[in-house]
Every structure is written in C-alpha cells, then in structure tokens.
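Peer 1: the sequence and its predicted three-dimensional model are supplied below.
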Amino acid sequence: MNTYSLQELNEIVKKATDVELYQFVSNDLKIHTDSIVAMDSNAIEQLFEHVDVIEAEVELMGKEEYSKTILANSSSEWDDLFNDDDVVAVIVTPTYDVVYDDCDTIRNGQGTRQTKSDAVYYVQHYNGTDEFVREGYKRGGIVQVECNQPDAAGVVYEETVR
C-alpha cells in the first residue's frame, strides 16, 4: 500500500483517459476482480473529503493489463468500454472497521468494510449515545477505527467510549 498526496494522485490521473475507484474486499492486496469492488458515488466523494494524503494502490492500465485484472471473470470486454489506446487509472483503497476493546477481555469488530471517513464519522457522532451502548460498547472501553488490510496502517482513530 502506498501513500499519495492529492497532488501526486492528480498528476497520475492526468495521464489517464478514465479513472476508476475500488476498495479491497479481501486481504489479498492484488488488483484483480476477485479482490476488489467498485466504490459507490458517495464513498468516492467522502474518500477525498478533509484529507491531504490517501493510502491506495494506483496503477495506470492499458487494454491488456485491464483485461487480465479488472475484467477477469467478467463477461465485459475492453472494446465495449474503451478505445484501444485508452489508459485507465485504477485506484484501490483499503477499507476500515469499527472495533471495540473493553481493555479486559472483549475485543471485537463490527465486521464492516467502509471508508475511513465513514468509520471515523460513526465513532465521532454515535459515541456516547444510547444506540452506541446498545451495540455493546460499554463506557470506559476503547473504540477504534482499524484498517482491514493487514499490511496497512492498523489503528487510524481511537476514542474512549463515553
């Protein structure tokens, strides 16, 4: 996983005729149709909100590489989507989960795969509410936002449960 400033990412994207954004859905950090899922438009907007850098795998792909990775196991063909000389910037980001740790015996995650900003938003806006406590988060424990991919950042945000 690499870290890019938004300016660096913009320079890469300028070289492409199209840009596609994905998230990893497995711990296999390869850009392949079996390991990634396209991001919805809300996630794309939130991905770039309030950030100066982004953690991602970024590749510029032509017809051959795109066909072997993104279109693998698909009924779609490059020629249905692009021109022969097009280049696609494929950006794949990690996903995050909200994890509760009671600092004693319990440590469990929600099992979610969401953007970093969605996970941090959830903790910041629901910590201390009845809904948060109903989900099993006991006051005094710790709630963290962790990256789902093993070679990525790990804990990226943490608060004490209120």
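Peer 2: That came through fine. Numbering: from 1, shown residues only.

Peer 1: can you give me the offset of the helix or strand containing Val123 from its chain's centre?
Peer 2: Val123 belongs to helix 116-126 when elements are defined using DSSP states H and E. The chain centroid and the centroid of helix 116-126 are separated by 14 Å under Cα atoms, centre = their mean, to the nearest Å.

Peer 1: now the element after the longest strand along the chain, going C-ward?
Peer 2: Identified as the longest strand of the chain according to DSSP state E is strand 53-61. Sequence order places helix 63-69 as the next helix or strand after strand 53-61, per DSSP H and E.

Peer 1: tell me if I am right that Glu8 is in a helix.
Peer 2: Yes. Looking at Glu8 with DSSP: H, G, I helix; E, B strand; the rest coil, it is inside a helix.

Peer 1: near Gly111, how many other residues are there?
Peer 2: Neighbours of Gly111 under the rule other Cβ atoms under 10 Å: 9. Every C-beta, even on glycine, is put in place using the N, C-alpha and C of the backbone.

Peer 1: quick one: secondary structure of the residue nearest to it when sequence neighbours are not counted?
Peer 2: Setting aside the residues directly before and after it, Gly111 is nearest to Asp97 in space (Cβ to Cβ, 6 or more residues apart in numbering), at 6.6 Å. Under three-state DSSP, the three-state class of Asp97 is strand.

Peer 1: what's Asp97 in contact with, if anything?
Peer 2: Applying Cβ atoms under 8 Å, 6 or more residues apart in numbering, we find Asp97 in contact with 109-114, 119, 145-146, 148.

Peer 1: who does it bridge with?
Peer 2: On the basis of DSSP bridges, Asp97 is bridged to Glu146.

Peer 1: distance of it relative to Thr112?
Peer 2: 5 Å (Cβ to Cβ, to the nearest Å).

Peer 1: thought Arg139 was touching Val161?
Peer 2: Yes. The pair Arg139 and Val161 passes the contact test of Cβ atoms under 8 Å, sitting 5.3 Å apart.
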